[in-house]
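Chemist: Generate coordinates for the sequence data below:
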Amino acid sequence: MSKSIRDVVKNKGDTVISISADATVYKALELMASENVGALLVMKDEKVVGILTEREYARKVVLEGRSSLKTAVQKIMVTKVLYIKPDKSVEEGLALMSDKRCRHLPVLDNKELVGMVSIGDLVKAQIAEKDFMIDQLEHYIMGS
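Modeler: Residues are numbered from 1 along each chain as shown. Next up is the predicted model:
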């Protein structure tokens, strides 16, 4: 019985840290630091319009010599946002992240944002599932 993305969101909580597209990159970085996250969803009127990650900051601000204080999030955010549905398995989420080389996925249920998962969340869930299985097998073998 493989864990679903829904299980991961339920376990970690459905709080999604987001920012508006017209906020400055500096404000986004402050928010990432205070919330200890590596990505922010960019929202407009309750709709996901982009994602901003530390990678975009490094590549599109630092390397291009832009100012964090003057650059708007919309100038550097990724607008083609990959997402996953809550009924998908943890393995499917990890496969998608690996294939598309991303580390964060918003979770959408019928176009409604219900959470966000990171590669760390999914690896943690997969390890917990394997540890549970090992524990069950050990108890079965020992006859307890």
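Chemist: Which positions in stretch 79-95 come out as buried?
Modeler: By 16 or more other Cβ atoms under 10 Å, the buried positions in stretch 79-95 come out as Val81, Tyr83, Ile84, Pro86, Lys88, Ser89, Val90, Glu92, Gly93, Leu94. Backbone N, C-alpha and C define where each C-beta goes, glycine included.
Chemist: Also stretch 98-110?
Modeler: Of the residues in stretch 98-110, those buried (16+ other Cβ under 10 Å) are Cys102, His104, Leu105, Pro106, Val107, Leu108.
Chemist: Run the chain-centre distance for it.
Modeler: 7 Å (Cα atoms, centre = their mean, to the nearest Å).
Chemist: Just the terminal-to-terminal distance for that stretch.
Modeler: Stretch 98-110 has an end-to-end distance of 24 Å (criterion: Cα to Cα, to the nearest Å).
Chemist: in the sheet, who's paired with the residue most central in space within the chain?
Modeler: A centroid search over the chain (Cα atoms, centre = their mean) returns His104, at 2.8 Å, as the residue closest to the centre. Using DSSP bridges, the bridge partners assigned to His104 are Ser118.
Chemist: roughly how far apart are the closest residue to Lys70 other than its chain neighbours and Ile84?
Modeler: Nearest non-adjacent residue to Lys70, counting by Cβ to Cβ, 6 or more residues apart in numbering: Thr24, 7.0 Å away. Thr24 sits 29 Å away from Ile84, going by Cβ to Cβ, to the nearest Å.
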